[in-house]
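Engineer: this is a predicted model, with the sequence first.
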Amino acid sequence: MKKLWIWIAVVLTVALLVGFDYYRSTEFKLEIVELSPQPAPADGQSPVKLKVRLLDGKGLPVEGHILFGLPRNGGLFSSNRMRTNADGEAEYTYYPYKASKLQPVRKIKIDIIDESNSVFIEINTKLTVELDLVQPEQETKSEHSLDNIFGE
């Protein structure tokens with residue numbers, strides 16, 4: 001019987017911790033301030049500016065939270081983690097992948113996750129942004145060849 005009470009206490013404690021983190025995640029809101037250019041060229045080098053804002057439950061900006069940016073299907077950020085400023089904003093620079101026959105142009109989903117509001121079990125406020133990519137107008141070709149690299 002004593003083991004049963006211990007298990008009940010453990011389950012209740014975990015449930016309280018999960019409930020607390022879930023409640024905290026609902027007290028914050030992420031929103032897009034700027035996403036440009038939209039659509040962006042899939043050339044592997046043109047930067048895309050993504051600015052997001054974190055607000056509390058009263059709609060006021062939240063300063064000092066760490067936001068994590070994660071492109072789910074291609075490309076990369078110049079920095080994945082950004083701290084919100086006094087206006088609750090964090091600005092990312094995203095570089096789309098270079099479109100090719102193996103990796104055709106498609107929409108990119110980017111997750112922005114507030115890592116600072118979860119205390120126990122990583123239930124975070126999250127925003128998913130969709131970025132449209134287009135085939136670049138002009139394909140960039142390298143001036144290098146194997147002969148230039150290795151000599152001939």
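Structural biologist: Everything's here; your move.
Engineer: any stretches of the chain with poor pLDDT?
Structural biologist: Counting by pLDDT under 70, the ranges of the chain that qualify are 138-146, 152.
Engineer: so which strand or helix has the most centrally placed residue in it?
Structural biologist: A centroid search over the chain (CA atoms, centre = their mean) returns Gly69, at 2.4 Å, as the residue closest to the centre. When elements are assigned from DSSP states H and E, Gly69 belongs to strand 66-71.
Engineer: please export the C-alpha coordinates of that strand as PDB.
Structural biologist: What follows is strand 66-71 as a C-alpha-only set of coordinates in PDB (Å, rounded to 0.1, in the frame of the first residue of the first chain):
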ATOM      1  CA  ILE A  66      15.800  33.500 -25.500                       C
ATOM      2  CA  LEU A  67      14.100  32.500 -28.700                       C
ATOM      3  CA  PHE A  68      15.300  29.600 -30.800                       C
ATOM      4  CA  GLY A  69      14.800  29.500 -34.500                       C
ATOM      5  CA  LEU A  70      14.600  26.200 -36.300                       C
ATOM      6  CA  PRO A  71      14.100  25.800 -40.100                       C
END
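Engineer: what residues does it touch?
Structural biologist: Strand 66-71 is contacted by residues 30, 50, 52, 54, 77, 80-84, 90, 92, 94, 108-116 when judged by CB atoms under 8 Å, 6 or more residues apart in numbering. Where you see a C-beta, it was placed from the backbone N, CA and C, and this is true even at glycine.
Engineer: name the residues of it that are buried.
Structural biologist: If you call a residue buried by 16 or more other CB atoms under 10 Å, then strand 66-71 has these buried ones: 67-69, 71.
Engineer: equivalent analysis for stretch 41-52, please.
Structural biologist: By 16+ other CB under 10 Å, the buried positions in stretch 41-52 come out as 41-44, 48, 50-52.
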